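[1] Have a look at this prediction, sequence included:
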Amino acid sequence: MLRWLNNNSILFGCGQYLMKKETQIISTGRDKKWTKGVINPPVFRASTMVFDTMDEMRFAIKNRANGEMFYGRRGGPTHFAFQAAIAELEGGVGTALYPSGSAAISGALLSFLKAGDHLLMVDSAYEPTRDLCNKLLAGFGIETTYYDPMIGAGISELIRPNTKVLFLESPGSITMEVQDVPTLSEIAHKHDIVVMLDNTWASPINSRPFDMGVDISIQAATKYIVGHSDVMMGTATSNEAHWDQLRENSYLMGQCTSPDDVYLANRGLRTLGVRMQQHEQNALKVANWLATRPEVDHIRHPAFDTCPGHQFFKRDFSASNGLFSFVLKEGDLNSVTALVENMHHFKMGFSWGGFESLILGVFGIDKLRTATKWDSSKPLIRLHIGLENPDDLIADLEAGFERFNAALNKR
């Protein structure tokens, strides 16, 4: 039995002792049943588990949902240790593993939706999530309605008798809107709707999704959990009420992960606390510098009051990270290209969460929105601030702005 306290401590048992978040990251998922007495759970590669007796096999079948080795697709000690760690950090009762963050999203949705059902999807969702709804789910006879991420209590007007899932992403991909998760969850539960949250931005340590009413919390472990840009992985952590359905349906869809990848994720997890602190510190320094630039219209970082839903960030998150966006007052393809190309430290790439800094000039956001409007006349730049010295990153951006202004002046 464990319970989180307001000071980011975790209370174990009947209050015997307190454990701080940083300590829990190191300690969780370290049961000797999985680690075999070594610090890092070893890599157990196995497709087939063999049994000496029928009784052993029957026991494994009966207890396969509780970490008893049964078949390779169910996982082995390497997987079980990592699943236990993520479930504990997020505050759920069980974690399913997937070969990517997108697979975790699709696996979770397909575990709770069928033909004739209705899905409420946030309009600011990760683009592959939107494509999943428009292409795959639509073909399965599942209808999707997109809603304004800032809708709050207004979500009740969109709920139908056949609405089965409310999907949140907070903050939103690219544009960073922070949602009122407790209000949305409370309304959804009045209608027996399952609440899912893409919680990747917070990682497993910077928010408490189940305390806010979320039923299933999804992570692209590819990003901050792994932390080194070398593994694709997703997780979906569930509360008790929905764990059996999530676990069994994901298994039926054949979702599984390589033990070698899980080993790397487990190892990356142990430095999550210190990495997140440094990402946050570096990003805030860069964002504060950007806020002084005459070219910048506003900063879309949840810790800034210029970001939609900033008040919810202050209430629901314990810290931020390295990912944020900023909007320029003006610009076109040529000037933005001049800004983002020829960087020394920033690289162009679609992921984030690793130790390296990334930059993206994002166009066409207006074409990806159906419930909200986006002013594409003001270009948006997304940054992931890595673990480099932030002064070097600022110098890199300063040189980029020089190229940007030179390109603007040639128009």
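    Happy to help now that I have it.
[2] Helices of the stretch 1-150 of the chain, residue ranges please.
    With DSSP state H, counting those that start in this stretch as the criterion, the stretch 1-150 of the chain has helices at 21-27, 32-35, 54-62, 77-90, 101-112, 127-131, 138-139.
[3] and those as JSON lines, adding mean neighbour count and mean pLDDT?
    In this view, the C-beta of every residue, glycine as well, is placed from N, C-alpha and C. Below are the helices of the stretch 1-150 of the chain laid out as JSON lines (neighbours: other Cβ atoms under 10 Å; pLDDT from 0 to 100):
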{"stretch": "helix 21-27", "mean neighbour count": "16", "mean pLDDT": "86"}
{"stretch": "helix 32-35", "mean neighbour count": "14", "mean pLDDT": "79"}
{"stretch": "helix 54-62", "mean neighbour count": "12", "mean pLDDT": "83"}
{"stretch": "helix 77-90", "mean neighbour count": "24", "mean pLDDT": "94"}
{"stretch": "helix 101-112", "mean neighbour count": "24", "mean pLDDT": "97"}
{"stretch": "helix 127-131", "mean neighbour count": "16", "mean pLDDT": "93"}
{"stretch": "helix 138-139", "mean neighbour count": "10", "mean pLDDT": "96"}
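[4] Looking at those, which is nearest to Ser156?
    helix 101-112 (20.1 Å; Cβ to Cβ).
[5] what helices or strands is that closest one leaning on?
    Using 3 or more Cβ pairs under 8 Å, 6 or more residues apart in numbering; DSSP states H and E as the contact definition, the elements that helix 101-112 packs against are strand 94-98, helix 127-131, strand 163-169, strand 194-198, strand 216-219, strand 234-238, helix 240-252.
[6] residue contacts, Arg64?
    Each residue near Arg64 by Cβ atoms under 8 Å, 6 or more residues apart in numbering is listed here: 70-71, 74.
[7] hmm, back to that, out of the helices of the stretch 1-150 of the chain, which gets nearest to Asp375?
    Evaluated with Cβ to Cβ, the helices of the stretch 1-150 of the chain place helix 127-131 nearest to Asp375, the distance being 18.8 Å.
[8] At which residues are the helices of the stretch 151-300 of the chain located?
    Going by DSSP H, counting those that start in this stretch, the stretch 151-300 of the chain shows helices at 181-190, 240-252, 259-269, 272-290.
[9] of all these, which gets the most neighbours per residue?
    helix 259-269 (a mean of 21; mean count of other Cβ atoms under 10 Å).
[10] any residues touching that one, and which ones?
    Contacts of helix 259-269 (Cβ under 8 Å, 6+ apart): 25, 29, 40-46, 76, 78-79, 81-82, 85-86, 97, 221, 225-228, 230-233.
[11] how about the CA coordinates for it, as CSV?
    C-alpha atoms of helix 259-269 as CSV (Å, rounded to 0.1, in the frame of the first residue of the first chain):
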residue,chain,number,x,y,z
PRO,A,259,14.0,-7.8,-23.4
ASP,A,260,17.1,-6.0,-24.6
ASP,A,261,15.1,-2.9,-25.2
VAL,A,262,13.4,-3.2,-21.8
TYR,A,263,16.8,-3.6,-20.2
LEU,A,264,17.9,-0.3,-21.7
ALA,A,265,14.7,1.4,-20.6
ASN,A,266,15.1,0.1,-17.1
ARG,A,267,18.6,1.4,-17.0
GLY,A,268,17.6,4.8,-18.4
LEU,A,269,14.8,5.0,-15.8
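[12] Measure how it sits relative to helix 272-290, angle-wise.
    60 degrees (axes from the mean of the first three to the mean of the last three Cα atoms, to 10 degrees).
[13] give me phi/psi at Glu402?
    With angles defined as degrees, to the nearest 10, Glu402 sits at phi -60, psi -40.
[14] contacting residues around it?
    No residues are in contact with Glu402 under the rule Cβ under 8 Å, 6+ apart.
[15] picking that back up, just put the helices of the stretch 151-300 of the chain in JSON lines and tack on distance to Glu388.
    Output for the helices of the stretch 151-300 of the chain, formatted as JSON lines (distance: least, Cβ to Cβ, whole Å):
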{"stretch": "helix 181-190", "distance to Glu388": "32"}
{"stretch": "helix 240-252", "distance to Glu388": "37"}
{"stretch": "helix 259-269", "distance to Glu388": "18"}
{"stretch": "helix 272-290", "distance to Glu388": "7"}
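[16] can you tell me which of the ones you listed comes nearest to Met348?
    Smallest distance to Met348 across the helices of the stretch 151-300 of the chain (Cβ to Cβ): 16.9 Å, for helix 272-290.
[17] Using PDB, write down the CA coordinates of that closest one.
    C-alpha atoms of helix 272-290 as PDB (Å, rounded to 0.1, in the frame of the first residue of the first chain):
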ATOM      1  CA  LEU A 272      15.300  10.000 -14.900                       C
ATOM      2  CA  GLY A 273      15.100  12.200 -11.900                       C
ATOM      3  CA  VAL A 274      18.500  14.000 -12.400                       C
ATOM      4  CA  ARG A 275      18.000  14.200 -16.100                       C
ATOM      5  CA  MET A 276      14.600  15.800 -15.800                       C
ATOM      6  CA  GLN A 277      15.900  18.400 -13.300                       C
ATOM      7  CA  GLN A 278      18.600  19.400 -15.700                       C
ATOM      8  CA  HIS A 279      16.300  19.400 -18.800                       C
ATOM      9  CA  GLU A 280      13.900  21.700 -16.800                       C
ATOM     10  CA  GLN A 281      16.700  24.000 -15.600                       C
ATOM     11  CA  ASN A 282      18.200  24.300 -19.100                       C
ATOM     12  CA  ALA A 283      14.900  24.800 -20.800                       C
ATOM     13  CA  LEU A 284      13.700  27.600 -18.500                       C
ATOM     14  CA  LYS A 285      17.000  29.500 -19.000                       C
ATOM     15  CA  VAL A 286      16.600  29.200 -22.800                       C
ATOM     16  CA  ALA A 287      12.900  30.100 -22.700                       C
ATOM     17  CA  ASN A 288      13.400  33.100 -20.500                       C
ATOM     18  CA  TRP A 289      16.100  34.300 -23.000                       C
ATOM     19  CA  LEU A 290      13.700  33.700 -25.900                       C
END
